[in-house]
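Student: got a sequence here, can you model it:
(2 chains)
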Amino acid sequence: MKSKKLLTLLLPIVAVAGFIVFNALKIDPPKHKNAADNAGLTLPAGFKASLIISSVPGGVREMAPTPNGDLYLKVMNTANRAGVILRKGIILLHVDGDKATIKTSFGKFMGSGVYLKNGYLYASNDTDVYRFKLNSNYEPVDPDHPEKLVVGLIARNGEHQPKAILVDDNNNLYVNIGAFSNSCQVEDRKLHSMGKPGCPVLDSAAGIWMFKADKVGQHYKDGIRYATGLRNVVGMDWNKQDNQLFVMQHGRDGLYSMFPEYYDAKQSAELPAECLYALKKGDNAGWPYIYYDQIQHKKILAPEYGGDGKKSVDDKYIDPVAAYPGHMAPDGLLFYTGSQFPEKYKNGAFIAFHGSWNRAPEPQAGFFVVFQPFKNGKPDGKWEVFANGFAGTQAQTESGRADRRPCGLAMGPDGSLYVSDDTANKGGVYKITYQK
Amino acid sequence: MKLYKIAAICALTLLSSTSIFAQAKKPATSPATGTLSASIARGKLVYSKICVTCHMADGLGAGAMNPPLAKTVYVLGAKPKLAAIVLNGFNESIEIDGNTFSNVMPSQDFLKDQEIADVLTYVRHSFGNKASAVTVAEVKKARAAKK
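Tutor: Numbers count the residues shown, from 1 in each chain, chains lettered A, B, ... in the order given. Have a look, this model is predicted:
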């Protein structure tokens, strides 16, 4: 009796279990047959990827290649909360094929930005910009005593605090100062809180500031606000064809959670666009007053400033040169000027999308590197996913629980593409090459 | 042979999980727990409308911006303090498991006392949390003490 009862109870379970095992043993063909060989990434045919360094505690943000094939990495987190320094903020990697070894590490500060130009290595933390003189091997001459070029930049609330940096051919130093606010509401991120009139954040943040790349001790007053109305920029690069600064803006969050009468959750996941801007001195991209809607192809008045999702604006604010789906967090921008990759990539843009969080309850998106074709210095044609799989499985992408996240982009002197991973508990660098 | 072993393990796992379900079902018939499960169900609706955008469906938050709600002292600790966070918002830099979080939490004082009680009860019974329910009276008291 008892055994019969147990059997009737067990039978369906065994059947289900058998089915599960049967399905688990079925070998699904991988979508791209080289995924395992390419450090888990899927890439277009002919490309190969390897994780040249698979563990960099603190995470790798931006990178700066040296002309002799080495690679500087900026480590994001260098200290614990108590201020105890755990590690150095800059690593110099020697790259040999698909292997890398750490040559040296230095710099006691955390932060995001690193840039190499004219025999100097520039690096930033959240408030200051430093530079290190390099010797003929592109190693720091005096790693413990960098020059402090810019000091006292705003990093309030810990929001959008990393300072992206770039130096042009005329010794101008460009520094992104991110907005310490989402959309300049009276009460940040609160339901129906309206925008502050004449948004005061714009005086000291939400733009690109220009300083001198060779002058020590500069403050706000020594620089100029080169472009404004940019909520936050991490990825920036100089386009040599246009001789112009290009930046990727991180668009504002929470249209649905703050103004549910104008947006549903699906619209709010896609809007606003993550925008690519080509900047000239004096440009205004419109944050917080407007955002760009890539579906209507219009600049839309922000709901905090009287908008309703439809009212468009067409006056003093610049248009993006290209627009991408919302919240994917573009952290890397690189114009590909090398000759290793096929012709179609020449002078086009790679964009690293760090991956979203503000799409919930919709699935998260991003966590990939995109290629944007360019022709004569202008975006030409639709963007495509170039490298995917950083997050792990599709489920990890959709939940946002990513294994790794693409952040910085750099091109080695041989035309290889480097992609950094800034997850603090892993961290690493991918190298992507093309073989004919 | 190996297959058989896996099947047996699967069967056992399923068997034990069905018994957990059976156990969980029983107390649901008592009126007190019935109220609790109704509060959790209502709280889940509030959570998926308001909280999910930052704290995510799995309650684990988002990166270095939005803190997790799983097994933290802020969620499992004193209820008046927890209710006050929902009512007043939260703009302090806090540390959970060595991580800090940058985004401001806005005040959610537009929610009714019942909605706050429900959503906090849901959160305290989800994401691996197990703590007592939050009552409307407790939220009312926290709202009266609101700064």
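Student: make it CA atoms for all contacts and neighbour counts henceforth
Tutor: OK.
Student: all helices of the chain, in order?
Tutor: All of this is about chain A. Taking DSSP state H as the test, the helices found in chain A are A:2-25, A:255-258, A:265-270, A:394-399.
Student: look at chain B instead
Tutor: For chain B, the helices defined by DSSP H occupy B:2-25, B:31-46, B:52-55, B:73-76, B:79-88, B:113-124, B:136-144.
Student: lowest average pLDDT across those helices?
Tutor: Per-stretch mean pLDDT for these is lowest at helix B:2-25 (a mean of 43).
Student: need the contact list for residue A:269.
Tutor: If you count contacts by C-alpha atoms under 8 Å, 6 or more residues apart in numbering or on different chains, residue A:269 has them with A:326, A:327, A:358, A:359, A:360, A:362.
Student: and the fifth one, how many neighbours does it have?
Tutor: Neighbour count for residue A:360, taken as other C-alpha atoms under 10 Å in any protein chain shown: 25.
Student: which residue, other than its chain neighbours, is closest to it?
Tutor: Leaving aside its sequence neighbours, residue A:360 sits nearest to residue B:53 (C-alpha to C-alpha, 6 or more residues apart in numbering or on different chains; 4.8 Å).
Student: correct me, but that neighbour touches residue A:358?
Tutor: Yes: the criterion here is C-alpha atoms under 8 Å, and residue B:53 meets it with residue A:358 at 5.9 Å.
Student: got any residues that touch both of those two?
Tutor: residue A:254.
Student: look at these two and report which has more neighbours.
Tutor: The neighbour comparison of residue B:53 against residue A:358 (other C-alpha under 10 Å) goes to residue A:358, with 29 against 25.
Student: next, residue 97: phi, psi?
Tutor: This is for chain A. Backbone geometry at residue A:97, expressed as degrees, to the nearest 10, gives phi 60, psi -120.
Student: so how far is chain B from it?
Tutor: Separation of residue A:97 from chain B (C-alpha to the nearest C-alpha, to the nearest Å): 33 Å.
Student: how about residue A:316?
Tutor: When residue A:316 is compared with chain B (using C-alpha to the nearest C-alpha), they lie 30 Å apart.
Student: what's the closest non-adjacent residue to that residue?
Tutor: residue A:284 (7.2 Å).
Student: can you check residue A:335 too?
Tutor: Among residues not flanking residue A:335 along the chain, residue A:349 sits closest, at 4.5 Å (C-alpha to C-alpha, 6+ apart).
Student: same question for residue A:385.
Tutor: residue A:370 (4.4 Å).
Student: list the contacts for the one you found?
Tutor: A:350, A:351, A:352, A:353, A:383, A:384, A:385, A:386, A:387.
Student: chain B: which of the residues you listed is nearest?
Tutor: Using C-alpha to the nearest C-alpha, residue A:353 is the member of the contacts of residue A:370 that lies nearest chain B, at 14.8 Å.
Student: list the contacts of the residue nearest the centre of chain B.
Tutor: Taking C-alpha atoms, centre = their mean, the centroid of chain B lies closest to residue B:123, which sits 1.1 Å from it. Residue B:123 is in contact with B:43, B:69, B:75, B:129, counting by C-alpha under 8 Å, 6+ apart.
Student: give me the distance between it and residue B:141.
Tutor: Distance from residue B:123 to residue B:141, counting by C-alpha to C-alpha, to the nearest Å: 19 Å.
Student: which secondary element of chain A has the worst mean pLDDT?
Tutor: helix A:2-25 (a mean of 45; mean pLDDT, DSSP states H and E).
Student: and the residue nearest to residue A:235 when sequence neighbours are not counted, how far is that from residue A:63?
Tutor: Nearest non-adjacent residue to residue A:235, counting by C-alpha to C-alpha, 6+ apart: residue A:332, 4.0 Å away. Residue A:332 is 10 Å from residue A:63, where distance means C-alpha to C-alpha.
Student: which neighbours do those two share?
Tutor: Residues touching both residue A:332 and residue A:63 by C-alpha under 8 Å, 6+ apart: A:408, A:409.
Student: which parts of the stretch 201-350 of chain A sit against chain B?
Tutor: Taking C-alpha under 8 Å from any C-alpha of the partner chain as the criterion, the stretch 201-350 of chain A approaches chain B at residues A:254, A:257.
Student: just the strands in the stretch 201-350 of chain A please.
Tutor: Secondary structure of the stretch 201-350 of chain A by DSSP state E, counting those that start in this stretch: the strands cover A:207-212, A:224-228, A:233-239, A:244-249, A:274-279, A:283-284, A:290-293, A:298-301, A:322-324, A:330-335, A:349-353.
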